[in-house]
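> Could you work out the structure for the sequence below:
(2 chains)
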Amino acid sequence: MSSFIEQEEQYLLSKIKECGYELDDVTLNVSSRPEYGDYQFNGAMTMAKKYGKNPREIATEIVECIKKDNKYQDINIAGPGFINITFSDKSLIDHVNELNKNINLNYENDNPKTIFLDYGGANVAKALHVGHLRSANIGEALKRLSSSLNNKTIADAHLGDFGRPIGLVMLEIKKRHPNLPYFDKTFTGEYPKTSPVTNEDLMEIYPYASAKAKEDEQYMEEARLMTALFQDGDKGLMALWHHIMNVSKTDIKRIYDRLNTTFEVWEGESDGNKYIPEMIAYLEKQNIIKESEGAKVIEVAKEDDDHEVPPLLLIKSNGSASYETTDLACIWERMKKWHPDEIWYLTDVRQALHFEQVFRAAKISKIVDDETKLLFIPFGTMNGADGKPFKTRDGGVMTLESLLDIAKEECEHKILPNIQGEEREKIADIVSVAAVKYADLIPYRLTDYNFDHVKFSDLQGKTGPYLLYSTIRMKSLLNKATEAKIKFSKYITINNKIDRDIIICLLNLRNVLLKSFNSKSLNDITEYLYKITNLYNNLYANNRILTEENKDIQESWLLLTKVIYENNLKLLNILGIDIPEKM
RNA sequence: GCGCUCAUAGCUCAAUUGGAUAGAGCAUUUGACUACGGAUCAAAAGGUUUGGGGUUCGACUCCCUAUGGGCGCACCA
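You can find the predicted model right below:
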């Protein structure tokens, strides 16, 4: 059983073939001119080009053929060859009843894939900052969308748990506590069970060490040595590393939890790094490694490139692995461990060239076979309300947590006054996360946008809180109806134009989901949620459902409310937005 | 220097497989209603889609060009 629109598209396709035309598929879109019909088909114009015929002529043939079936309330041709279809009320009513029976009707998928997603990238020993917001929101929503469409999904937090930052932190810990056993090469006893540093310590140590290394060459050199020692697997440093990891991971997880962001796998760069020797040996066999300026590289440029793609730096001239190599090794590991059909990377658009190099190297070396898709899914930058990079008042980097706190405070004083204490806290959390997430997902993925917590937290307008409020109100209405023992098990009659518009909008869900999935951007879904909620609020505001005397109309309205309510819950869930009982 | 990317209403954003009259929200102006959660609903006004050229039945969308933003160009991750 496929969705309503897909059935109609199949029907149309068969009719077009009956008329003697070849076509791969048919797409029906919501009409941009509702006065002509509910949905429109634009294919006659494209077919005209292919067959060298007048588009109106083709459209007429098709429409004449369809008219014989007497299926639609109306079908007509307008302009150069737009075919407009108006569905019969009966078919719309049937569809609402189908949806009521199975709210998942629009989520079917004949070709499920295993998709591995990388949208974490949190750095150990560093606080999550505003730059991590978008990858978390978009990545989580894409994962939920993919699995709603019955794909198998695996998300990896992909922690930045390797490289110089860790070396810097270790060096600074050593400077402050030189007597700790981790730094004593002669130490043979058991290392302490508890961490020598707290997360608060780490939050202060890394920025300090990082700044110091920039101006103090001596310090930087020590950090390099420390990094090398640690990456070579020094026993004491590994013990210290585990402490740092545990402390830091706990805190990172706490913030991700707050954002409803979940990972099936908590691996990191270090996990991929284990495979580097094995991978290098493989690459050497492939005979694709070249020497260049004392380093080892893989050429990834192609003859027909329209822009320059520099070689991938595999081994630095000092013998250590580069960032590219780590990512390549992670792909190596993921292919072996998870056998994904697709791997998706969500990062800031600035890393475009880096991933182009890595993906090319993965394909050239056959680490990834031809069938497996490597997808770079970049996103635009979030700036402050003034359009400039988002900073704290004193010019520092804003942490993700403080950003959430700002939004929470804004939302908190809009919650009903009779809700108090712990419950109020909890609801403020849910509402503010809804505000932040919804706002983050409204713009097209690649658009840079401005974060304005006052605007996003507003209860009026296209905001998360508006959607939550409206959806809670639907539930409240349904509860009242149930208490009053009013039944609503069937959709019976379309009462007015608003009801009809709502159903037409419901029909479009399948297209919206697929469009969003294909473009890897959630803006179609956020837009759709606002649209249908707003349409419903129109119905709500203009009618008294609970006191309606015509029982058929009342039951139809209540059932429609239920379908929209359930639909909204599902879509909000895909966006990673929770909904409270009240607010 | 080379390359990528963006420019749409006063503001923030849609329209991204080329489709009919470029849509929303906010702000502004006006209206509805003792109201099932008014924390609502509706209407009006607001546009030379940065400028210029091209491609075609049709261009915000594709191509060229100018201007102005953002970003990237191997041994940081």
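
> give the contact list for residue A:31.
Going by C-beta atoms under 8 Å, 6 or more residues apart in numbering, residue A:31 touches A:37-40, A:84. Quick note: C-beta positions are derived from backbone N, CA and C, even for glycine.

> So which residues on the stretch 51-200 of chain A come close to RNA strand B?
Counting by C-beta under 7 Å from any atom of the strand, the stretch 51-200 of chain A comes close to RNA strand B at A:55, A:78-80, A:82, A:84, A:123, A:160, A:162-165.

> Over to the most far-flung residue of chain A relative to its centre. Which of the three states is it?
Each residue of chain A has a distance to the centre, and by C-alpha atoms, centre = their mean the biggest one is for residue A:186: 49.3 Å. Under DSSP: H, G, I helix; E, B strand; the rest coil, residue A:186 falls in the coil class.

> So what does it have for phi and psi?
phi -90, psi 0 (degrees, to the nearest 10).

> pLDDT value on residue A:1, please?
On the pLDDT scale, residue A:1 is placed at 62.

> Then residue A:143?
Confidence for residue A:143, expressed as pLDDT, is 98.

> how close does the one residue sitting closest to the centre of chain A get to residue A:289?
For chain A, the residue sitting closest to the mean C-alpha position, by C-alpha atoms, centre = their mean, is residue A:138 at 2.6 Å. To residue A:289, residue A:138 is 35 Å away according to C-beta to C-beta, to the nearest Å.

> got it, and residue A:216?
Using C-beta to C-beta, residue A:216 is found at 35 Å from residue A:289.

> Between these two, which is the more surrounded one?
Shown here are residue A:216 and residue A:289; by other C-beta atoms under 10 Å, residue A:289 has more neighbours (17 against 12).

> correct me, but that one touches residue A:297?
Yes - with contact defined as C-beta atoms under 8 Å, residue A:289 and residue A:297 form a contacting pair (7.3 Å).

> Overlap in contacts, the two.
Joint contacts of residue A:289 and residue A:297 (C-beta under 8 Å, 6+ apart) are residue A:314.

> And the residue of the stretch 451-583 of chain A closest to RNA strand B?
residue A:461 (2.7 Å; C-beta to the nearest atom of the strand).

> check contacts around that residue.
Contacts for residue A:461 (C-beta under 8 Å, 6+ apart) come out as residue A:455.

> Kindly report the same for residue A:12.
A:26, A:28, A:41, A:66.

> Quickly note the distance from it to residue A:473.
Distance from residue A:12 to residue A:473, by C-beta to C-beta: 38 Å.

> got it, and residue A:36?
From residue A:36 to residue A:473 the distance is 34 Å (C-beta to C-beta).

> next one: residue A:459
12 Å.

> try residue A:270
For residue A:270 relative to residue A:473 (C-beta to C-beta), the value is 49 Å.

> same check, this time on residue A:133
29 Å.

> and stretch A:493-512, how far out from the chain's middle?
27 Å (C-alpha atoms, centre = their mean, to the nearest Å).

> Could you show which parts of the stretch 451-583 of chain A are in contact with RNA strand B?
The stretch 451-583 of chain A comes close to RNA strand B at residues A:452, A:455, A:458-463, A:465-466, A:469-470, A:472-473, A:476-477, A:480, A:515, A:519, A:521, A:523, A:527, A:530, A:534, A:537-538, A:540-546, A:581-583, as judged by C-beta under 7 Å from any atom of the strand.

> at 6 Å instead, please
A:459-462, A:466, A:469, A:472-473, A:476-477, A:480, A:519, A:523, A:527, A:534, A:537-538, A:540-546, A:582-583 (C-beta under 6 Å from any atom of the strand).

> PyMOL command to pick out the buried ones of the residues you listed?
In PyMOL, a selection of the buried entries from those looks like this (16 or more other C-beta atoms under 10 Å):
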select buried, chain A and resi 459+462+466+469+472+473+477+523+540+543+545+583
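
> measure the closest residue to residue A:505 other than its chain neighbours to residue A:572 for me?
Excluding its sequence neighbours, the residue lying closest to residue A:505 (C-beta to C-beta, 6 or more residues apart in numbering) is residue A:532, at 5.0 Å. To residue A:572, residue A:532 is 12 Å away according to C-beta to C-beta.

> residue ranges for the strands of chain A, please.
A:29-30, A:39-41, A:74-78, A:82-86, A:114-118, A:152-156, A:289-292, A:295-298, A:312-315, A:342-348, A:373-379, A:382-383, A:449-450 (DSSP state E).

> Look at the residue in the stretch 1-150 of chain A that RNA strand B sits nearest to and say how many residues are nearby.
Nearest residue of the stretch 1-150 of chain A to RNA strand B: residue A:45, at 2.9 Å (C-beta to the nearest atom of the strand). When neighbours are counted by other C-beta under 10 Å, residue A:45 registers 16.

> Next: residue A:83.
25.

> isn't the residue nearest to residue A:505 right up against residue A:506?
Yes - counting by C-beta under 8 Å, residue A:506 is a contact partner of residue A:532 at 7.1 Å.

> Overlap in contacts, those two.
A:564, A:567.

> got the buried residues for stretch A:252-259?
Buried residues in stretch A:252-259 (16+ other C-beta under 10 Å): A:252-253, A:255-256, A:259.

> ditto for stretch A:78-93
A:78, A:81-87, A:91-93.

> could I get the residues you listed as JSON lines with pLDDT?
Output for these, formatted as JSON lines (pLDDT from 0 to 100):
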{"residue": "A:78", "pLDDT": "92"}
{"residue": "A:81", "pLDDT": "92"}
{"residue": "A:82", "pLDDT": "94"}
{"residue": "A:83", "pLDDT": "95"}
{"residue": "A:84", "pLDDT": "95"}
{"residue": "A:85", "pLDDT": "96"}
{"residue": "A:86", "pLDDT": "96"}
{"residue": "A:87", "pLDDT": "96"}
{"residue": "A:91", "pLDDT": "96"}
{"residue": "A:92", "pLDDT": "96"}
{"residue": "A:93", "pLDDT": "97"}
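
> can you name the two of those that are farthest apart?
A:81 and A:93 (30.8 Å; C-beta to C-beta).

> Which of the buried residues of stretch A:252-259 sits closest to residue A:105?
Nearest member of the buried residues of stretch A:252-259 to residue A:105, counting by C-beta to C-beta, is residue A:259, at 29.9 Å.

> Residue A:548 reaches residue A:556, doesn't it?
No - Residue A:548 is beyond contact range of residue A:556, at 9.6 Å (criterion: C-beta under 8 Å).

> Settle it for me: which of these two has more neighbours?
Set residue A:548 next to residue A:556 and count neighbours by other C-beta under 10 Å: residue A:556 wins out with 23 against 17.
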